[in-house]
Every structure is written in structure tokens, then in C-alpha cells.
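# Predicted model and sequence below, questions to follow.
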Amino acid sequence: MQLRTKAIVLSSFKYGDTSLIVRAYTESDGLKAYLLKGILASRKGKLKTAYFQPLSQLDIVAIHKNKGTLEQIREARIDFPYSTMHTDITKNAITMFLAEMLTSCIREEQSDPALFSYLQTALQWLDTHDQIANFHLYFLLSLTRFLGCYPDLSDIDATYFDLLEGQFTDTPRGKKVISGDELNQFRKLLGTNFDVVHLIQMSKKQRQQLLQMIVEYFELHLHGFRKPRSLAVLNEVFN
């Protein structure tokens, strides 16, 4: 079936000498994988390699057979031209990290308009704003709403946040907890929004430790999740 849909590129890798396999999150059908035959060899085709950078927002005409095989893209154009995402060093590091996170945690081949809208809006916000030090922390916590593992806020004033149980508590079951200063920052992140998240003051070390804990939270709650290799690069950039 041929259709037109918006899509956000999650990853792409070389296949053979001239082709690419692209994984994208589509508005119409959720996660899809496409084989772009000969794209690396042709300069005159309708598809350009530059369109398929991580987290690029596209408008595509695609063939979806929905049989679990690689699909086809007939046409593509940039839906939202990024100004800074792929050129600013810090934003590019965040982009690579978030693309790897999304590749690992989004598995559903079905439409989720709310999740697509969230990704679309959040990434456009990142591209058009400069105060972004805490962006990725809030982005990931908000993402858990759509993945079914958003923290339980019932006892938000408790002494610990139990990563395994996903809730605030005074009596954690294990050692995987957030406490102390990091817990205070964690609470603030849960109660903010993109426009004021930069006002949450934290040191580089606190930000790094909190990010490690959030990534561990994903590991504990999402089957098949793998810690992104780009995490080390992101930490280096923020240092």
C-alpha cells in the first residue's frame, strides 16, 4: 500500500556498497525499517542521503506491505529543516544520544499519534532554543509516559526513589535508588516543562549521575533495552 506520512529518522546504516537501511518512527504506522537501494550511488534520485540523518523530520511517500520485511520509500522531503541540531556540537551530541535511546526503546509497529506529536514538538524545541543543558533529562522522563513506565508520584516527598519499583518510598526494596541532592533534582524535573527546565540548577557531576540513573531506569523497565554507546560521548561534551 502506498501512502504519505510524516516520519522521524531513528537510525541508518550502510547495506552493501550503495544502499542504506533506515529505521524511522512514522506517524501512520509507528516503527518502520526501509531499504533505500542505490541511494549512495545516485546523485540524481529523489532520495538524498542527507535527508536521513538522526532525528531528521521527513514527509515521505512509502510502500508499506506490513509483512515484517523491509519497506520502500519512493519520495522524501524535509518536513522541518533543522537550523542547529546537526551543526551545534552540544546539540549534535544530544541528537545522537537520543536517537540511540529511541532506537532501543521504541519497538511498536503501530500508530501512536500522541508519541509522534511529542517527539516532533520536543525536537523542534531543541533546535530552536539555546538553553538546553537539562533538555535530555526532561525529554527522557517525559518519554516514559508513552512507554508505560512513568514514575508513580503518589509519595513524591518520600526519602528515596526506587528505580526498580518506579515509585517514591521511605523503605526501598533494593540498592537501586535515587536519594539526596539527585533526588531533589529528580523531583524538580518531574514538575517542570521544556520552557523552564534550564532553570533547574545542577552541577555537571549531578547532571551526569542523574542521567546515568535515568538510563538505568530504562534498562530496568524496558525489555530488550541496551545502554547507548553515545552516552560516553554526551558526558564528554558536557564536561
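In hand now; what should we look at? What you are looking at is a predicted structure, and each value in this text was computed from that prediction instead of being measured.
# Does anything pack onto the worst-scoring helix or strand of the chain on mean pLDDT? Which helices or strands?
Ranking every helix and strand in the chain by mean pLDDT, DSSP states H and E puts helix 231-238 at the bottom, with a mean of 82. When contacts are defined as 3 or more C-beta pairs under 8 Å, 6 or more residues apart in numbering; DSSP states H and E, helix 231-238 packs onto helix 89-105, helix 204-221. No exception for glycine: its C-beta is placed from N, CA and C like everyone else's.
# which ones are touching the closest residue to residue 60 other than its chain neighbours?
Of all residues beyond its chain neighbours, the one nearest residue 60 is residue 76 (4.7 Å), with distances taken as C-beta to C-beta, 6 or more residues apart in numbering. Contacts for residue 76 (C-beta atoms under 8 Å, 6 or more residues apart in numbering) come out as 46, 47, 48, 51, 58, 59, 60, 61.
# sorry, back to before: then the least confident helix or strand of the chain to PDB, C-alphas only?
Provided in PDB are the C-alpha atoms of helix 231-238 (Å, rounded to 0.1, in the frame of the first residue of the first chain):
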ATOM      1  CA  LEU A 231      26.300   8.100  26.400                       C
ATOM      2  CA  ALA A 232      30.100   8.400  27.000                       C
ATOM      3  CA  VAL A 233      30.300  10.900  24.100                       C
ATOM      4  CA  LEU A 234      27.500  13.000  25.600                       C
ATOM      5  CA  ASN A 235      29.100  13.100  29.000                       C
ATOM      6  CA  GLU A 236      32.400  14.200  27.500                       C
ATOM      7  CA  VAL A 237      30.700  17.000  25.700                       C
ATOM      8  CA  PHE A 238      29.000  18.300  28.800                       C
END
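# ok, residues contacting that helix?
89-90, 93-94, 96-97, 133, 136, 204, 207-208, 211-212, 215.
# Compute the inter-axis angle for it and helix 204-221.
160 degrees (axes from the mean of the first three to the mean of the last three C-alpha atoms, to 10 degrees).
# buried ones in helix 231-238?
Residues of helix 231-238 classed as buried by neighbour count (16 or more other C-beta atoms under 10 Å): 231, 234, 235, 237.
# do the same with stretch 196-213
Buried residues in stretch 196-213, counted by 16+ other C-beta under 10 Å: 197, 198, 200, 202, 206, 207, 208, 209, 210, 211, 213.
# pLDDT wise, what is residue 186 at?
On pLDDT, residue 186 comes in at 96.
# correction: residue 46
Looking at residue 46, its pLDDT stands at 79.
# Validate this expectation: it resides in a strand.
No. Per DSSP: H, G, I helix; E, B strand; the rest coil, residue 46 lies outside any strand segment and is coil.
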